[in-house]
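**Student:** just to be clear, the model below is a prediction. Sequence and coordinates:
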Amino acid sequence: MKTITDKLIRPEIERRAFLKNCSKTLPSLLLLVASFDVQQLMAKENGVYDPTEHNYAMGINIKKCIGCARCADACKSENKVPRKPHFFRTWVERYVIPEEGEPIVDSPNGGIDGYPEISQKLHIQRTFFVPKLCNHCVKAPCVQVCPVGATFNTKDGVVLVDPKWCVGCRYCIQACPYGARYLHPETNVADKCTFCYHRITDGKLPVCVEVCPTQARIFGEKGQKSSPLRRFFRFNEIHTLKPGLNTKPKVYYAGLDGEVI
Amino acid sequence: MLYSIIFPLLNSMPGLSGYVFPNEYELHWSILIVIYPYLTGLVAGAFILASLERVFKVSALKPIYRLSLLTALSFMIIAPLPLLAHLGHPERSFEMFLTPHTASAMAMFGFVYAWYLMVVLLLEIWFDYRKDIVIWSNEKKGIVKYFYKLLTLGATDISEKAVAFDHKIGRVITIIGIPSAFLLHGYVGFIFGSIKANPWWSSVLIPIVFLFSAIVSGIALMLLVYMITSMVRWTTMSMKCLNKLAEFLLYAMLIDFSLETLDFIHRLYESEESISILSEMISSRLFISLIITQIIIGSLMPMLGLVFARFGKLPDELRRMIYFISAILVQVGIFSTRWNVVIGGQLFSKSLRGLTTYKLDIFGIEGLLVSIALLIAPIGILWVLTKILPPWNEMGKVQKEVAKMSATESV
Amino acid sequence: MSKIPQQIIPIVIILMIVVGSFIAAKNIFVPSSFGEQGHFRTEAIQENMDLEQVYAGADACYDCHDDVAEIKSDSYHKGLSCEVCHGPASQHVEAPDEFIPDAPRGRGYCPLCHGYNPSRPSGFPQINPERHNPGKACMSCHDPHNPLLPHAPEECSACHQEIASVKIVSHHATLPCTQCHTIEKGHKTSPKFSKAHKPIDNSTCAYCHEKGSTIKKAAPKINVELHSDRYLCWDCHYPHYPEAF
């Protein structure tokens, strides 16, 4: 069973090198057959996906986030999230905490088009970006309130929506403390981040993690040893959002400021 | 129904303030979800009023016993429509029955509704009217006769023993019905009160406040329905009944208002992290609908009016006038209570840093016109129901004659 | 018959019809897989898995573009996925000739990450697009696959603009950075491996601010030792903006 972290540790370079060597040593016909075999082997390896072997989670390092919001942009393309302003599976908030007064928070168009300049008059004490997304809570309030069982926790630790069963009552949207859900304007059902379930079960990274230029987002499995997520847990102070609500989020933040709600 | 026009207009203050989570710009529950608890509240209130006469033998309320049941039924028929119209996929609504999620507060709605409508309301009305239905099915002519025959469901036995049984079982149903009515509206309150993510809703008092405001709105509704039907039918109202209604209305309002004040003070005193955004919301977005309409116009003014009219020495004419105006003000107040809970709970962001606005459309399924239609529809149904099952036959014979004469006159 | 009242019978029949049709509907309309793994339709998991992938992932790109992979592997952009700049490319992987991914060449794109923004982490390379060689395409100096600097930055503010923007309005505006910091040769080209030195004791500040110092007449003078012997000067005063408390 190939996992994401295997892939990170053992990059595809080996395979490429192997293919390259083949092309050097074997006649082209043999190469064709060989590559066909390799593909078949790969297919077999990826063939059966066993959800009980996984427990996905995400780490976000605030100190690495540069607020480029490429994650939010890529997410919209990958998951066909409406481009209109008020629909996001993930977005990036900017926090500006002045020397005096209340913190100023904004996220115009999720940060995709950048942020307006901070007023020169404001004496900034500290300022940073916070990416937000569905927390895939273990005790998800959205799952609890869904009247028909159209949203659920999977065995591999992801909260999914069943768009063919959702009645569009929006109770889950009300129940989510993180504002991570929206009603899809075309399908009229609730929609939210799935950790790119179609990618991770195929051994790929969620697209926001894939495109993050500074590796501020780290995706992995909670149980797995020697993984980037393990390292992230080992070397950072970890916080989750709104822990008082006892939702047990599975998006973990390093360097999270107390002002972030 | 003018107030449903005025509120949104007064409430729609332009612009956002502070930081609102991107997915929260638009409100997810619209005016239709305001109407839903308003209607179910009226149902529960009207039914509880009817059961006062039946179970606790408040004889002064006899003239409105059947009327209350019919009113409860006609509002009950419309109550799920705003919910249905609001669903993203109304055609899938039956899934609430097929795969109800036991952990979900909302999933039980179908069952609570079905229980209340079928087991409580329809059965109680049927048992109460059965004797009359059988008589009508014999008296009437033409197609109407067969309609009543159908309504008897084949149970044509009106021997003394059978009628006594009807009364007995009616009483049993009412006794079951009271906790059911409490369940119906307490449950609607729980749908909101159990959302821990929303500090405006998340309160253990919400179901109880919903319940008492339901009783308030139900009594006020029956006061109005009784007065209006009596005026239309040109019959004299029982002042005893009106006084009793006014008394109950006042007591229920006192409890309701005290509970709401307790909730308010409790929040203010505990002063949790949400208090600053909630106070900002109350002083800006909800000022008119909460402070002015709900508290001053909808609670304090009618309460003063009722105290004055009920316990002051006034001529009956003036008394009736004050009762009538108070009951209308109470309806305005309760509607704004629902508005403030449902819309208010969505005007602030869960970031606790910003406020959004609600703009009510005029047209469209979630618009003003549909809302008005949904509020008027129960009255139309009530009119039809009173034609099929006239609730006035418990009056004296003379009054009955007068009623008949006036009915033919008005036709 | 005589014991059961007549009116009960139709009620019971109606109730049985309602309950019966409810059970029948439940059997007909609920998918058989519902509830197998929890209170949901099991197929929904597979349907979520089968959604189309739009981004191919850098690994897929490197399979063919190993030349670019090699250039990138040794650069600051080695962790940067191809599709961040080139856009989603699953279609390109499937039909390399039919769908050609775009490449941003204008000046607008790079500042999305490298434009100056005080909220960005300190030290992340940022420029002010209005002042940084206006009109010139970024690519004319920087290779996006290996964005080494064409020459070492002249000003510290090239990378440390959030400090520079504060210092410029402070009483320390005229002080050069090297007044307090010393850097080694490599810092300007590989800052992560050759860090700038920071003052280690109060003597750096005392140089100007010690009572009796004649270095800067306008600088406020104190007896550094008496002023506080327990703290370093920058425990209380922010050196880049000393008048702010």
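**Tutor:** Everything's here; your move. Numbers count the residues shown, from 1 in each chain, chains lettered A, B, ... in the order given.
**Student:** residue 236 - how many residues pack around it?
**Tutor:** With no chain named, the answer covers chain A. Number of residues near A:Asn236 (other C-beta atoms under 10 Å in any protein chain shown) recorded here: 17. Placement of C-beta: from N, CA and C, glycine included.
**Student:** that's the wrong chain, I meant chain C
**Tutor:** By other C-beta under 10 Å, 11 other residues sit near C:Cys236.
**Student:** where does the closest residue to chain B within the stretch 151-261 of chain A land in three-state SS?
**Tutor:** When you check the stretch 151-261 of chain A against chain B by C-beta to the nearest C-beta, the closest residue turns out to be A:Gly168, at 1.8 Å. In three-state terms, and counting by DSSP: H, G, I helix; E, B strand; the rest coil, A:Gly168 is coil.
**Student:** contacting residues around the closest residue to it other than its chain neighbours?
**Tutor:** Using C-beta to C-beta, 6 or more residues apart in numbering or on different chains and skipping the chain neighbours, the partner closest in space to A:Gly168 is B:Gly88 (1.8 Å). Under the criterion of C-beta atoms under 8 Å, 6 or more residues apart in numbering or on different chains, the contact list for B:Gly88 reads A:166-170, A:183, A:187-189.
**Student:** coming back round to it: report pLDDT for the residue of the stretch 151-261 of chain A closest to chain B.
**Tutor:** Taken from the predicted model, the pLDDT recorded for A:Gly168 is 96.
**Student:** residue contacts, it?
**Tutor:** In this structure, A:Gly168 makes contact with A:183, A:188-190, B:87-89, B:92, judged by C-beta under 8 Å, 6+ apart.
**Student:** measure C:Glu142 to B:Ser279 for me?
**Tutor:** Wrong residue type there; residue C:142 is His, not Glu. 52 Å (C-beta to C-beta, to the nearest Å).
**Student:** got it, and B:Met108?
**Tutor:** To B:Ser279, B:Met108 is 34 Å away according to C-beta to C-beta.
**Student:** who's more crowded, these two?
**Tutor:** Neighbours were counted for B:Met108 and for B:Ser279 using other C-beta under 10 Å; B:Met108 has more, 19 against 13.
**Student:** helix, strand, or coil at the residue nearest to C:His92 when sequence neighbours are not counted?
**Tutor:** Once its chain neighbours are removed from consideration, C:His92 has its nearest residue in C:Phe99; the separation is 4.8 Å (C-beta to C-beta, 6+ apart). The assignment at C:Phe99 comes out as coil when based on three-state DSSP.
**Student:** quick check: C:Phe99 touching C:Gly87?
**Tutor:** No - at 10.3 Å, C:Phe99 and C:Gly87 do not qualify as touching, with contact defined as C-beta atoms under 8 Å.
**Student:** neighbour-wise, which of these two wins?
**Tutor:** C:Gly87 (17 against 12).
**Student:** so what's the more buried one up against?
**Tutor:** If you count contacts by C-beta under 8 Å, 6+ apart, C:Gly87 has them with A:77, C:101-102.
**Student:** same check on B:Cys241?
**Tutor:** B:60-64, B:226.
**Student:** so which bits of the helix or strand encompassing it are buried?
**Tutor:** In this assignment (DSSP states H and E), B:Cys241 forms part of helix B:239-270. Neighbour-count burial for helix B:239-270, counted by 16 or more other C-beta atoms under 10 Å in any protein chain shown, picks out B:241-246, B:248-250, B:252-257, B:259-260, B:263, B:267.
**Student:** ditto for stretch B:159-167
**Tutor:** Neighbour-count burial for stretch B:159-167, with 16+ other C-beta under 10 Å as criterion, is recorded at B:162-163, B:165-166.
**Student:** kindly report the same for stretch B:192-206.
**Tutor:** For stretch B:192-206, burial by neighbour count (16+ other C-beta under 10 Å) applies to B:192-203, B:205-206.
**Student:** with distance to chain A and secondary structure added, can I get the residues you listed in CSV?
**Tutor:** Rendered in CSV, the data for the buried residues of stretch B:192-206 read as follows (distance: C-beta to the nearest C-beta, whole Å; DSSP: H, G, I helix; E, B strand; the rest coil):
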residue, distance to chain A, secondary structure
B:Phe192, 9, helix
B:Gly193, 12, helix
B:Ser194, 8, coil
B:Ile195, 5, coil
B:Lys196, 6, coil
B:Ala197, 4, coil
B:Asn198, 7, coil
B:Pro199, 10, coil
B:Trp200, 11, coil
B:Trp201, 8, coil
B:Ser202, 10, coil
B:Ser203, 15, coil
B:Leu205, 19, coil
B:Ile206, 14, helix
